[in-house]
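Asks: Provided below for reference: sequence and predicted model.
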Amino acid sequence: MFSFSGLSKLYQRSRLPFIYPLVLLGALLANPLALRALDWSTLFTAQDVRDHLSTDQGRADALDFCRKLGISKVYVEAFRDGYQPDEQTLKTARDFFRQAGLRVSGCVTTTGIGKTSSGWHVAVCYTNRKNQERLASIFRFAAGIFDEIMIDDFFFTDCECSECAAAKGSMRWPQYREKLMLEMARERVLGPAKQVNPNVKVILKYPQWYDNFQERGYIVDK
Ligand SMILES: [Zn+2]
């Protein structure tokens, strides 16, 4: 096993500029895992699945795109903006990429699942019971097809509607949203998904507005 600090010391001692890249190349060849340290992946949104992965030609073009860019993993999305692709199309796309040697995961974007947030309309109201039930059904659906599901950036809420206000009671908004989103994660995402597929793994992908996570129910350590 080669370490990068060890390589740097060797380079400093040798003072030969070509030694470092040569030794680095040797280290990579001696340790095939190091060659896989960086994986490129891409996401086919639910709408991409409908528009590009529902025909033989579309799937062949998508694979060609992945090969040209050195992509070794694809996320095939099962829900976004109120749209859920057909189950058979998702399974066919999953199997097609797997047979081509790529790793395949699912994805869910929790937008357009029903009543929207009273704040940022891209988010939804998670206090609303119908939304909660829809959320669970989306994850049951996705877990029936994929063993790994990524949740894209939008699993948060800033809703202050009358339902949310009543459920919040005397809590502060960030406190209520922490409680609400943890409950959603456990009871409406992980629970239903694991009921259908006990081996399923769920990845939470975060947006980039780090300083506001705690205001909108993204509780990273939980
Ligand atoms: Zn609400």
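Replies: Nice, thanks for sending it over. Numbering: from 1, shown residues only.

Asks: Flag the shaky bits of the chain, pLDDT-wise.
Replies: Residue ranges of the chain with pLDDT under 70: 1-36.

Asks: residues from it in reach of the ion?
Replies: Counting by C-beta under 5 Å from the ion, the chain comes close to the ion at 125, 127, 159, 161, 163, 164. All C-beta atoms are positioned from the backbone trio N, CA, C, and that covers glycine.

Asks: Next, the buried residues of stretch 130-141.
Replies: 131, 132, 134, 135, 136, 138, 139, 140, 141 (16 or more other C-beta atoms under 10 Å).

Asks: Over to the most centrally placed residue in the chain: give its phi and psi.
Replies: Centroid-nearest residue in the chain, with C-alpha atoms, centre = their mean: residue 150, separated by 2.5 Å. Torsion angles at residue 150 (phi, psi; degrees, to the nearest 10) stand at phi -90, psi 140.

Asks: What distance do you get for it to residue 168?
Replies: Residue 150 sits 29 Å away from residue 168 when distances are taken as C-beta to C-beta, to the nearest Å.

Asks: what's the answer for residue 203, then?
Replies: In this structure, residue 203 and residue 168 are 29 Å apart, going by C-beta to C-beta.

Asks: So which of those two has more stuff around it?
Replies: Neighbours were tallied for residue 203 and for residue 168 using other C-beta atoms under 10 Å; the higher tally belongs to residue 168 (17 against 13).

Asks: With adjacent residues omitted, what lies nearest to that one?
Replies: In space, and not counting its chain neighbours, residue 168 is closest to residue 176: 4.0 Å by C-beta to C-beta, 6 or more residues apart in numbering.

Asks: Tell me who's in contact with that neighbour.
Replies: 164, 167, 168, 169 (C-beta atoms under 8 Å, 6 or more residues apart in numbering).

Asks: Can you select the buried ones from these in ChimeraX?
Replies: Filtering the contacts of residue 176 down to the buried ones (16+ other C-beta under 10 Å) takes a single ChimeraX command:
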select :164,168
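
Asks: Pipe the contacts of residue 176 into TSV and attach secondary structure per row.
Replies: Listed next are the contacts of residue 176 as TSV, based on DSSP: H, G, I helix; E, B strand; the rest coil:
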residue	secondary structure
164	helix
167	helix
168	helix
169	coil
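
Asks: now for the lengthiest strand in the chain, which elements pack on it?
Replies: With DSSP state E setting the assignment, residue counts place strand 71-79 as the longest strand in the chain. On a contact count with 3 or more C-beta pairs under 8 Å, 6 or more residues apart in numbering; DSSP states H and E, strand 71-79 meets strand 40-44, helix 46-52, helix 87-99, strand 103-108, helix 129-143.
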